[in-house]
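In: Just a sequence and a predicted model for now, questions to come.
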Amino acid sequence: AQTAATAFRSGMAEAFEFNSSVYYWSCSEYNVTNAWCQDWDMYNPGLQNNSNKTNTARVRAVRRSVI
């Protein structure tokens with residue numbers, strides 16, 4: 001089922017895009033240079049890893065994710 005929040009439904013302004021050039025992440029600080037991240041992308045949905053804080057990507061704030 002899709003969310004009741006219209007802007008987040010498929011095809012709307014806040015919906016996730018999944019294609020070869022778009023991915024999202026949500027991260028928490030790990031140490032001075034790295035963060036623990038949850039990634040959502042076309043190839044590795046649900047990937048968890050650590051990443052250098054200088055990397056860039058689209059960000060989504062989340063409370064939980066189905067893995």
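Out: All right, it came through fine.

In: Quick check: closest non-adjacent residue to residue 13.
Out: residue 7 (5.4 Å; CB to CB, 6 or more residues apart in numbering). Bear in mind the C-beta positions are built from the backbone N, C-alpha and C, glycine included.

In: does the one you found really touch residue 14, like I thought?
Out: Yes - with contacts defined as CB atoms under 8 Å, residue 7 counts as touching residue 14 at a distance of 4.3 Å.

In: okay, how far is it across stretch 45-60, tip to tip?
Out: Chord length of stretch 45-60, first to last residue, is 14 Å (CA to CA, to the nearest Å).

In: Contacts for that stretch, please.
Out: Residues from elsewhere that reach stretch 45-60, judged by CB atoms under 8 Å, 6 or more residues apart in numbering: 16, 18, 22-27, 30, 33-41, 65, 67.

In: cutoff 6 Å now
Out: When contacts are defined by CB atoms under 6 Å, 6 or more residues apart in numbering, stretch 45-60 is touched by residues 23-26, 30, 33-39, 67.

In: how about low-confidence regions in the chain?
Out: Within the chain, the segments meeting pLDDT under 70 span 1, 20, 62-67.

In: which one in it is furthest away from the centre?
Out: Ranked by distance from the centre of the chain (CA atoms, centre = their mean), the top residue is residue 32, with 21.4 Å.

In: Sticking with that one, tell me its helix or strand.
Out: Per DSSP states H and E: residue 32 is located in neither a helix nor a strand.

In: just the strands in this structure please.
Out: 23-29, 34-41, 48-52, 58-59 (DSSP state E).

In: out of these, deepest packed?
Out: Comparing the strands of the chain by mean neighbour count (mean count of other CB atoms under 10 Å), strand 34-41 comes out on top with a mean of 18.
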